[in-house]
Each structure stands twice: as C-alpha cells, then as structure tokens.
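J.: Predicted model, plus sequence, below.
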Amino acid sequence: MRHLLFAVSFLAALTAPALAQNRQPSAAAMRMIAGGAYADALAVLKDERDACEAQAPPAACLRLILAVSNAALLAGDAALAEGEARRAIRLADTARGPESPMAVSARAHLGAALNERGRFGEAEPLLRAVLAARMRRLPPNDPLIAEALDDLAYTLFAQARAGEAEPLLRRALAIAEQANPPNRAAMSRQLTSLAVAINAQGRYREAEPYYRRALALAEASLPAGHPDIATAYANLAGSLSRQGRIAAAEPLYRRALALQEAALPAGHPAIAVGANNLAANLRAQGREAEAEPLFRRALAIWERALPPTHPRIATALNNLAVSLKDQGRAAAAEPLYRRALALRRRALPAGHPDIAASLNNLAAALEAMGRPAQAEPLYREALAILRALPPWHPYRINGQWALATCLRRQGAALAEARTLYRRAGAGALERMRGFPGFTAGAREELRKVRPIFANQVRVAWALAEARAVAGAGGR
C-alpha cells in the first residue's frame, strides 16, 4: 500500500489560494513516516489534529485529518483510518465540493482503508471515481494518477482480477519511470505491484526481475531498516519459492522478518506477514515443528489487530490448519479449516479463488480422516470456482487433481477421474512450456506434477480391467 500522506502534501501546489491556510503535518511527523515509525507518527499527528481543531474550524484541519487517516493505516489501525477518511470527505465536500482535489484525496484514503479492511466491493467504485477525477484535472503523467491506478489495481487484484489489474499497473509504472527527477521509492512500489499481478496469473519467472529491481531501488532510496525494504525481501523470496527454489528463499524471509521486528511495534500486522511467510517456507521444506509456532504467532497478531471478518485472519487459520494436517493432526485442523471457509464466504465475493482453496483444504482434511464421501462435494464446489482460471493456472490444476484422486480412491466415477487427470496433466505441460529450459525450477515443477501422470495410468489400467471383467461376464 502506498504512503498516501505524501500525496496529500503534494496537493498544496494544485489547490486554490484559500487552501494555503489549511494546517500542514509537521516536518517531524513526515520524517517519522519516511522512516517507517508509523505508530509514533500516528501519535504525533493525532496531537497535531486535536490542537488544530481546538484553535480553528475542522475544515481548516483537513490535511491533518487525512494525515491521521494515512498514519493509522500504516500503523495497522484500518478502522481509525476509515473513520478519519469519512470525516474528511464530509468536511471537504461541504467546504470545497466533491470534485475538489482535497475531497478526491479523502476518497482515495477511504478506498485504501476499505481495501485494508477487506471490503473490496465498496472500495472499487470509490477508487474508480478517484482515478476519473484525477485524469480530468491533472496532466497524464502526474504521480497522483499513478497512485490512483495503483490503488484501483490493488482492489481488482484482491478480487482475483489480476488480469484487469495488470494493464493499470503497467501504466502506473510508466508514469513513475518518466518522473523527473526519478522517484526511486515510487518506482520500487510500482514494480512490486506489477510483479504481484504477474505472479497471480502464474507467470512466476517473468515476475522475478521486477522483484529484484524493486528491492534494489528500495535499498537505494529508503533508510536502512525501513519496513518497505523488508517487504521487498519477502516479495523476492516469494518469487523464488514459486519457482521451486525454497531453500534459497529462506534467508530472505528471515531477513524480512528481522527488519520488521526491529522497525515496528510488537503487534503490528506486518510482523504477522513476516512470521507467516517464514513459516510457510519452513513448512515447504518439511520443517513443520519450526513452522507451527510462527503460524500461531501470525494468527494471534492478526486476530488482535484486524476486524474479525478480515480475510487475513482466514489466511492465518488456513495456514495453521495446513501445518497441523501435515503433522498428522487432521482432527485438530478441521475446525480451523471450517472457520477459515466461513470467514472467506462472508468476506470475499462468490467465486473468489481463496474460497476454493478453503474448500479444497477442508476436503483434504476430511479425506485424511477417512471421510471421502463428505470431501467429494467440497472438491466439486472448489473446481466449479477454479474453472474460471486459465487451464495452466496451478490452482485449477490442483483442483482437478484433488477431485480426480478423491474419485479414484473411492473406486467410483473412474472415467470422470481419468478425464480430470488428463486435463490437469495438459495444464501442467502448458505450464512447463513457460520455463526457458529444463532448469532447476522446471525440474521442481515436474517433480510436483509427476503423480498426475502416474495416476492417469492407474485409472486407465483400472478402467481396462473393469471392461475386461465386464466382457468376460458377457461371454
């Protein structure tokens, strides 16, 4: 998420002379934001806002109200950020009109807060309006247009619409690259956003150079220890992980978590992200005993810091449940999976891939406990969602694979199972063609999908035997 406070300060050159009387955030608070000391900045800005309102009408304190909203978002208090943004909208609309730069900026803050709270359907029309208003008023390469593109793209991405987000992010990156003088921190953020959208479409190898460039720019442009540098390390680690380079990703995840712990207060949601990422990496290496306490730590932080229906809590529940299941504790995992699924159904739009992931995970736990008949309808519901993804997308491949295996183990609908294995195999081969050669990543990918092809043979053999038996009976 971008630092919207800088966008608010930039508006000073664009607004009418009357706005010059509007109180500005202090230089000290701005330095705290720049240095990643978000909680300290929030405390200072709240004091400055209160002092302003004690001396002047609230409309004269709009910049400070928006600054509090931004700092609250960065500090992990999205509810406060939303309340301050809504108040700023009311004040700006009344004092200057809904098309004024300040009112548009206030709507951008509200959209960002709604995004952080997982209310993407509410955020999208707001952020489309912000983009349209800025495109009407500003030059085409203005940084505020890039920021509006980035915020709207984030909302689309969160709704599993990465293909729609990607062209917006490419436009935003082009604007950042044309800035004179160059804004390396802005370029780093735009590169990261674009890489995330490319990754979400399964194009992992294509995303890696963007992540590496973003990390280099973040380290060159931000103070040592800044939380955005930790995010850049984690993003590069995630790119390596998706290519099968799990061990190479671990030190990057550890570096990211160490930076977050040093720079942020103990209960900050970003620390939960760092703990969760490292735990997932350890689990992928088969080190479940090390991963479980990190998953529990992430869940505890998110449950304290976020609204009870926030999708990240579902992610934490799901990840802890996977860890328990992989340790042979499927019965302990089942209630966590059910909580995660219920939360995602409430928080996300119908058809979101994360709902399919929860369905598949719950089904796998039921299978592990010997309840395949209960698992099968969950697998089918998940696959109905995943068919909206391209055939080569790993989620769709895994959904076909999982249902086929459930049917094979029950000895039922073997012809359907064979068709599902064939489709999963075709998607896996299409993914393999995306590698430049038989690289380490390609070999790891082949190792993961090899059971699909082995199971195709098993099911074909079972069908042939069944036909032979039926033919013998007919004679």
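T.: Now that the structure is in, tell me what you want to look at. Residues are numbered from 1 along each chain as shown.
J.: Apart from its neighbours in sequence, what residue is nearest Trp401?
T.: Nearest non-adjacent residue to Trp401, counting by CB to CB, 6 or more residues apart in numbering: Ala424, 4.6 Å away. For every residue, glycine as well, the C-beta is placed using N, CA and C.
J.: what about the one you found, how many neighbours?
T.: For Ala424, the number of neighbouring residues by other CB atoms under 10 Å comes to 27.
J.: swap in Arg254?
T.: Count around Arg254 with other CB under 10 Å applied: 16.
J.: Next up, the contacts around it.
T.: Arg254 makes contact with Leu278, according to CB atoms under 8 Å, 6 or more residues apart in numbering.
J.: Sort out which residues of stretch 189-208 are buried, please.
T.: For stretch 189-208, burial by neighbour count (16 or more other CB atoms under 10 Å) applies to 189-205, 207-208.
J.: thinking again about what came up before, any idea how far the residue nearest to Trp401 is from Ile246?
T.: Separation of Ala424 from Ile246 (CB to CB, to the nearest Å): 22 Å.
J.: Just the pLDDT at Ala103, thanks.
T.: Listed pLDDT for Ala103 reads 94.
J.: I'd say Ala160 and His352 touch.
T.: Yes - applying CB atoms under 8 Å as the test, Ala160 and His352 come out as touching, 5.3 Å apart.
J.: Tell me which of those two has more neighbours.
T.: Neighbours per residue, other CB under 10 Å: of Ala160 and His352, the larger number sits with Ala160, 23 against 20.
J.: secondary structure class for that one?
T.: Assigned by DSSP: H, G, I helix; E, B strand; the rest coil, the conformation of Ala160 is coil.
J.: ok, it - contacts?
T.: Counting by CB under 8 Å, 6+ apart, Ala160 touches 200, 351-354.
J.: Out of those residues, name the two that are farthest from one another.
T.: Ala200 and Gly351 (15.2 Å; CB to CB).
J.: need the helices for the stretch 301-450 of the chain, in chain order.
T.: Per DSSP state H, counting those that start in this stretch, the stretch 301-450 of the chain carries helices over the ranges 311-326, 330-347, 353-368, 372-386, 394-410, 414-432, 440-474.
J.: quick one: Ala262 from His226, how far?
T.: 10 Å.
J.: Next: Ala412.
T.: With distances taken as CB to CB, Ala412 is found 56 Å from His226.
J.: Looking at these two, which is more packed in?
T.: A count of neighbours by other CB under 10 Å puts His226 above the other of Ala412 and His226, at 20 against 13.
J.: quick one, phi psi at that one?
T.: phi -60, psi 140 (degrees, to the nearest 10).
J.: shouldn't it be in contact with Ala220?
T.: No - using CB under 8 Å, His226 makes no contact with Ala220, being 11.5 Å away.
J.: could you point out where the stretch 351-475 of the chain is predicted with low confidence?
T.: Scanning the stretch 351-475 of the chain for pLDDT under 70 picks out 435-436, 439-441, 470-475.
J.: Run through the strands of the protein in chain order.
T.: Taking DSSP state E, the chain contains no strands at all.
J.: Tell me, please, where in it the pLDDT is lower than the cut-off.
T.: Scanning the chain with the threshold set as pLDDT under 70 gives 1-21, 34-36, 435-436, 439-441, 470-475.
J.: residue closest to the middle of it?
T.: In the chain, the centroid-proximal residue (CA atoms, centre = their mean) is Ala158; its distance is 6.4 Å.
J.: Excluding sequence neighbours, find me the nearest residue to it.
T.: Ala158 sits nearest to Phe120 (CB to CB, 6+ apart), 4.8 Å away.
J.: residues contacting the one you found?
T.: 114, 155, 158-159, 349.
J.: Same check on Leu336?
T.: Applying CB under 8 Å, 6+ apart, the residues near Leu336 are 317-318, 320-321, 324.
J.: Just give the number of residues close to Pro25.
T.: Residues within reach of Pro25, counting by other CB under 10 Å, total 24.
J.: ok, now how distant is it from Ala146?
T.: 22 Å.
J.: what do you get for Ala279?
T.: 34 Å.
J.: Could you do Arg287 as well?
T.: 41 Å.
J.: neighbour-wise, which of the two wins?
T.: Remark: of Arg287 and Ala146, Ala146 carries more neighbours, 28 against 13, as counted by other CB under 10 Å.
J.: what's near enough to touch Ser239?
T.: So Ser239 contacts 195, 199, 204, 207-208, 211 (CB under 8 Å, 6+ apart).
J.: Roughly how far does Leu64 sit from Pro57?
T.: Distance from Leu64 to Pro57, counting by CB to CB: 13 Å.
J.: who's more crowded, these two?
T.: Taking other CB under 10 Å, Leu64 and Pro57 do not tie; Leu64 has more neighbours (28 against 10).
J.: For the more buried one, which non-adjacent residue is closest in space?
T.: Counting by CB to CB, 6+ apart, Leu64 lies nearest to Arg49, which is 4.2 Å off, once chain neighbours are set aside.
J.: pretty sure the one you found is in contact with Ile65, am I right?
T.: Yes - using CB under 8 Å, Arg49 is in contact with Ile65, at 6.0 Å.
J.: Neighbour count: these two, which is higher?
T.: Neighbour tally, Arg49 and Ile65, criterion other CB under 10 Å: the higher count belongs to Ile65, 27 against 23.
J.: Quick check: the gap between the more buried one and Ala454.
T.: For Ile65 relative to Ala454 (CB to CB), the value is 62 Å.
J.: now do Asp326
T.: In terms of CB to CB, Asp326 sits 21 Å off from Ala454.
J.: Let me know how buried the residue lying closest to Gln190 once chain neighbours are set aside is, in neighbour terms.
T.: Nearest non-adjacent residue to Gln190, counting by CB to CB, 6+ apart: Leu173, 4.2 Å away. Neighbourhood size, Leu173 [other CB under 10 Å]: 22.
J.: For Tyr210, see how far away Leu173 is.
T.: 9 Å.
J.: and for those two, which residues touch both?
T.: Contact criterion CB under 8 Å, 6+ apart; residues shared by Leu173 and Tyr210: 191, 194.
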